[in-house]
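Q: only geometry, no sequence info:
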RNA sequence: GGAACGGUGGCCGAGAGGCUAGGCACUGGAUUGUCGAUCCAGCCGACGCGAGUUCGAGUCUCGUCCGUUCCGCCA
């Protein structure tokens, strides 16, 4: 046990990441954590760490015997203060791996401000030797000391700072909306908060401030934004957490083009923070085209490898999987993998596994190696197989991967395969950024399980003006099947295959809103029950308006290439939505339950 | 709701039925130039939990818990 020193009035003069050759000769005070201690007897080195970096501190017994003796007591993660002189290292002793490696601090004095237990895992482990995430999440405060997280969280802060500056420059007003609101059906499951003052009633945490921001438009606030925390009680993923943050934006008299320009300007500014130059205006793809060409509504455009329609080469085919797909208005499509003729049986099996996850029956393949080989050879014959290869534009040494079936399955499986292949074949250029707008999303999505249409975005999304007549026919004329064709003024901003923002122009007219509710099978009473206050508000002079929300973590994922949302937030939850550090969710005591009028029923 | 993979000492990690490697960390000592220091010595565990199969189980089977990833879900 070390005897601790008082910090007293001592103040830091520099951070542990800032000292350079030109600081030589200065007397400095550094404070931080012991990253490592190297003991050479009369000479002891300490790497002192703070959020900015590492500085080597030297304790020389001849130079400062007392400090030297004291330095022998420190251990990893002890907190110390050091006063000493910055000295230039001799050429042979410089450390090019450290930004501060040209200098070191010759310690005169050391204060041991706090000791530390031996950490349960090593903070300096190589990226592939990191302790299990379970352990690191439990001791999140230790994991966060690592430069990786220090860097990510500071980048996050500078991104949010840049957003504030930009939105302010653009004349937007930041407005806070409530966290305790009311549960709305449809959409994600709500996190729910019981009410003490109203027995049997519950608040819900917002999935997004959607209705409030539209109310802000009706309220004449004109240009609203907020860095908003959102909550969704759905299963987690590498890119999904139960609570996350989004830049929420809405403005009045909005056109889609204005939204595009606003967000393009924003993303250009934000990406500049990491030295990336996005080209604006962004490329645009309609939802239909994105799905057709890339099998995804958030295509990664850093590489090509578009889906190829093989139907023209299959006219009159009797091969059952293909014939039945084409008959049932499905598709047969393929992906050409340049140089893919080298694929082994095992690799093809693995790729098939990927496609099967998305419902594909089988993954057919054609390899144009020195000799033709194909899983379709027996069924189709050499000539038909070559016709497919030609149709797809495959050349010598390429492979063609083929999926047949329902359009949605073909798109999903080939879309996923396309991403997987790009990773495996290293087709993704480093430091490339490919932003685009995906536009004209469908208004409605048909759910087979209950045979009705649901709003794809949300029920306040405006249809395209030119689709309004069809929409009316579909709803009032009873031609329900047309609903699937109605397009919305909805859009997503996608960067490198990551959906970083999504929004729409909203409905401001009561008659159109009525049509949408009817299309969704909501009676007037039901709609009133659920959104009554909002429908009322819409009738008091609602300006045309629209907006968008950009996920902060998603944007950072695109910005950094980090593929896990947990690495971009300070205190994330596990896949089962638990916080291992604070052990949440937890039980509450019977008194609290009673006050909340809640009875727990054992299952 | 479903699937896959994983859970071995403080951490990483080998070990595919019979004796459980190694590395790091940690402790003590040595050591004037290291920066993944080095050298010497020491310390640490019945392998997530439960049941089963077996003469015998980290090693096989089943269940369960936890973690990760994916499908569903996420208007």
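A: Thanks, I have the structure now. Not measured: the values here are computed from a predicted model.
Q: give me the residue from the stretch 301-450 of chain A nearest RNA strand B.
A: Distances between the stretch 301-450 of chain A and RNA strand B by Cβ to the nearest atom of the strand are smallest at residue A:357, namely 4.5 Å. To be clear about C-beta, it is placed using only N, CA and C from the backbone, and glycine gets the same treatment.
Q: report pLDDT for that residue.
A: Looking at residue A:357, its pLDDT reads 92.
Q: which parts of the stretch 451-600 of chain A are strands?
A: Taking DSSP state E, counting those that start in this stretch as the criterion, the stretch 451-600 of chain A carries its strands at A:452-455, A:490-495, A:498-505, A:545-551.
Q: make CSV out of these and add mean neighbour count.
A: Listed next are these as CSV, based on neighbours: other Cβ atoms under 10 Å:
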stretch, mean neighbour count
strand A:452-455, 18
strand A:490-495, 26
strand A:498-505, 23
strand A:545-551, 24
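Q: nearest to residue A:222, out of these?
A: Of all the strands of the stretch 451-600 of chain A, strand A:545-551 sits nearest to residue A:222, with 8.9 Å by Cβ to Cβ.
Q: any low-confidence regions in chain A?
A: Low-confidence segments of chain A (pLDDT under 70): A:1, A:602-603.
Q: residue A:83 versus the residue located most distally from the centre of chain A, what's the distance?
A: What lies farthest from the middle of chain A is residue A:62; by Cα atoms, centre = their mean that is 54.4 Å. Shown here: residue A:62 relative to residue A:83, a distance of 18 Å by Cβ to Cβ, to the nearest Å.
Q: show me the contacts for the residue of the stretch 401-550 of chain A at minimum distance from RNA strand B.
A: Distances between the stretch 401-550 of chain A and RNA strand B by Cβ to the nearest atom of the strand are smallest at residue A:458, namely 3.4 Å. Remark: with contacts taken as Cβ atoms under 8 Å, 6 or more residues apart in numbering, residue A:458 is in contact with A:186, A:187, A:210, A:504.
Q: quick one, which of those are buried?
A: Neighbour-count burial (16 or more other Cβ atoms under 10 Å) is assigned, among the contacts of residue A:458, to A:210, A:504.
Q: of the contacts of residue A:458, which belong to strands?
A: Under the assignment DSSP state E, the contacts of residue A:458 contribute residue A:504 to strands.
Q: now distance to residue A:68 too, for the contacts of residue A:458, in a markdown table please.
A: Formatted as a markdown table, these follow (distance: Cβ to Cβ, whole Å):
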| residue | distance to residue A:68 |
| --- | --- |
| A:186 | 69 |
| A:187 | 64 |
| A:210 | 63 |
| A:504 | 67 |
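Q: just the contacts of residue A:458 now: which is nearest residue A:112?
A: Using Cβ to Cβ as the measure, the one of the contacts of residue A:458 that approaches residue A:112 most closely is residue A:210, at 53.1 Å.
Q: just give the nearest non-adjacent residue to that closest one, would you?
A: The shortest distance from residue A:210 to any non-neighbouring residue, by Cβ to Cβ, 6 or more residues apart in numbering, is to residue A:458 (6.4 Å).
Q: separation between the one you found and residue A:178?
A: Using Cβ to Cβ, we find residue A:458 at a distance of 19 Å from residue A:178.
Q: circling back: how about the residue of the stretch 301-450 of chain A closest to RNA strand B: what's its closest non-neighbour residue?
A: Skipping the residues right next to it in sequence, residue A:357 comes nearest to residue A:416 by Cβ to Cβ, 6+ apart, at 7.1 Å.
Q: count the residues that sit near that neighbour.
A: Neighbour count of residue A:416, defined by other Cβ atoms under 10 Å: 18.
Q: helices and strands around the strand or helix carrying it, which ones?
A: With secondary structure defined by DSSP states H and E, residue A:416 is part of helix A:407-424. With contacts defined as 3 or more Cβ pairs under 8 Å, 6 or more residues apart in numbering; DSSP states H and E, the secondary structure elements packing on helix A:407-424 are helix A:287-294, strand A:331-337, helix A:345-357, strand A:399-405.
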